[in-house]
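Trainee: here's my sequence, what's the structure:
(one chain, ligands or ions: 1)
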Amino acid sequence: MLIFIAADMEGATGVVHHDQLMPEGKTYSAARKLLTQDINAAIEGCLRVIPDAEFIVGDGHGIMRNVLFEELHERASLVIGPASPSNKPLCQLEGINDEIDMAFMIGYHSKAGTPNGLLAHTYVGSTICRLRLNGQEIGEITMNSAIFGSYDIPVGLIVGNDDLEEECSAISSSIEFVSTKKVLGSTAAICYPIARTKQTIADAAERAIRKRLQWQLQPFKPTSHYSLECDFYRREHTLRAQRIEGVEVLNELTIKIEAETAASAFRVFWAAVCSAQEDFPAWLK
Ligand SMILES: [Zn+2]
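Mentor: Next up, the predicted model:
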C-alpha cells in the first residue's frame, strides 16, 4: 500500500500564528517539529495495520521546505521544493500518480473568508479572495480531494483546525477527521496536548486504512466537468493571470477555468495564480 500525505502547516498541532509559519519567525523551528510529529503519528497508525506500507509526503506549505526530513519516519519519501508551475504544477500534490492507494491531508486550515477562521486562506492569502468549484465556495481540502479524485485516489484522513470540520464532512462523511485545536479567533486557539494529538491522529489513520481495505472510501469526483472560478483581491492580479492559456476573464477581479478533470483545471489555475503575482514571491523561489 502506497499512501500520499499532503502536509500543510497552519493546522498542525500547536500552530496558531504567522510567526510559526515562515523561516523569519522566531517560533518557526519549533513548529516544523510539531508538523513532522503529526505526520509521523499518521504513519505509525497505518503501520499498525499494514507493516510494509510506503509513504510519500508532499511538503505543501509556503516555501515547501518545512518538514524535518531527518526526523521524518524512515518509511516516507519527501517531496521538497517550492511550487513554481515549472516545478510543481499540482502545487501541494505534485508527486501523485496512479500507483497511490489512498491520501491523507495533515496540517490543514479553513478556507479564505471563514468568519474568525484560524489562519484561514485558500492557497495564497495575499492574492486569492475566493475560490469556487462549479459555483460552490471551496478551500484547499476540497480542491485537493478533487485532484486526488482525478487519479482515483480516495482521501482517508484530514487533520487540522476544528473550523475545518464542516468542509471535510461536505467532501465525504467517510473521511476520518482529527482536530488539533479548538479555534478561538484568527490567530489563537486552545491547542490540544502533543501526546493527545499523536494518539488521535494515529488511531484515525488506523481506522482510515481499515476503511480503505474494506473499500469504504470513494475517490471524490463531484462532477464530470470542472469549472473553477477565482476572485482576486486586485484587478492587477486578473490582468497578469490572463496571460495564461485557458484562463477566461469574467470581470476585473474574477477568472474562470474549465476542464474535464479537476487536476487539469488546477494546473491552469495554479499557473494563473503564480502569474498574478508581481514577481514570484520569495516562498516560490
Ligand atoms: Zn500553509
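Trainee: all helices for the protein, in order.
Mentor: Remark: helices assigned in the chain by DSSP state H are 28-49, 140-150, 165-171, 194-213, 235-241, 262-276.
Trainee: state the mean pLDDT of the third one.
Mentor: Looking at helix 165-171 alone, the average pLDDT works out to 97.
Trainee: next, format the helices of the chain as a markdown table and append distance to P222.
Mentor: Bear in mind the C-beta positions are built from the backbone N, C-alpha and C, glycine included. Formatted as a markdown table, the helices of the chain follow (distance: least, CB to CB, whole Å):
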| stretch | distance to P222 |
| --- | --- |
| helix 28-49 | 25 |
| helix 140-150 | 7 |
| helix 165-171 | 9 |
| helix 194-213 | 20 |
| helix 235-241 | 24 |
| helix 262-276 | 9 |
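Trainee: tell me which of these sits nearest to L93.
Mentor: Evaluated with CB to CB, these place helix 140-150 nearest to L93, the distance being 5.3 Å.
Trainee: only alpha carbons, please: show the closest one as PDB.
Mentor: Provided in PDB are the C-alpha atoms of helix 140-150 (Å, rounded to 0.1, in the frame of the first residue of the first chain):
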ATOM      1  CA  GLU A 140      -7.800  23.700  -0.200                       C
ATOM      2  CA  ILE A 141      -9.100  20.300   1.200                       C
ATOM      3  CA  THR A 142     -11.900  20.200  -1.300                       C
ATOM      4  CA  MET A 143      -9.800  21.300  -4.200                       C
ATOM      5  CA  ASN A 144      -7.100  18.800  -3.300                       C
ATOM      6  CA  SER A 145      -9.700  16.000  -2.800                       C
ATOM      7  CA  ALA A 146     -10.900  16.600  -6.300                       C
ATOM      8  CA  ILE A 147      -7.300  16.500  -7.700                       C
ATOM      9  CA  PHE A 148      -6.800  13.200  -5.900                       C
ATOM     10  CA  GLY A 149     -10.100  12.100  -7.400                       C
ATOM     11  CA  SER A 150      -8.700  12.700 -10.900                       C
END
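Trainee: leaving out the residues flanking it, which one is nearest to the residue of the chain found nearest the ion?
Mentor: Nearest residue of the chain to the ion (CB to the ion) works out as H61 at 3.7 Å. Among residues not flanking H61 along the chain, M9 sits closest, at 3.8 Å (CB to CB, 6 or more residues apart in numbering).
Trainee: and if you look at G25?
Mentor: Excluding the flanking residues, the one nearest G25 by CB to CB, 6+ apart is D19, at 3.9 Å.
Trainee: on that earlier part again, out of the helices of the chain, which gets nearest to G107?
Mentor: helix 28-49 (5.5 Å).
Trainee: on that earlier part again, so what's the residue nearest to H61 up against?
Mentor: Neighbour list for M9: V15, Q20, L21, A31, L35, H61, G62, N66, G107 [criterion: CB atoms under 8 Å, 6 or more residues apart in numbering].
Trainee: go on, A265?
Mentor: Residues in contact with A265 (CB under 8 Å, 6+ apart) are Y226, S227, L228, I257, E258, A259.
Trainee: among these, which one sits closest to E71?
Mentor: L228 (36.1 Å).
Trainee: relative to L131, how far out is the closest one?
Mentor: As judged by CB to CB, to the nearest Å, L228 and L131 stand 7 Å apart.
Trainee: same question for D52.
Mentor: Distance of D52 to L131, given as CB to CB: 38 Å.
Trainee: neighbour count winner among these two?
Mentor: Neighbours per residue, other CB atoms under 10 Å: of D52 and L131, the larger number sits with L131, 23 against 7.
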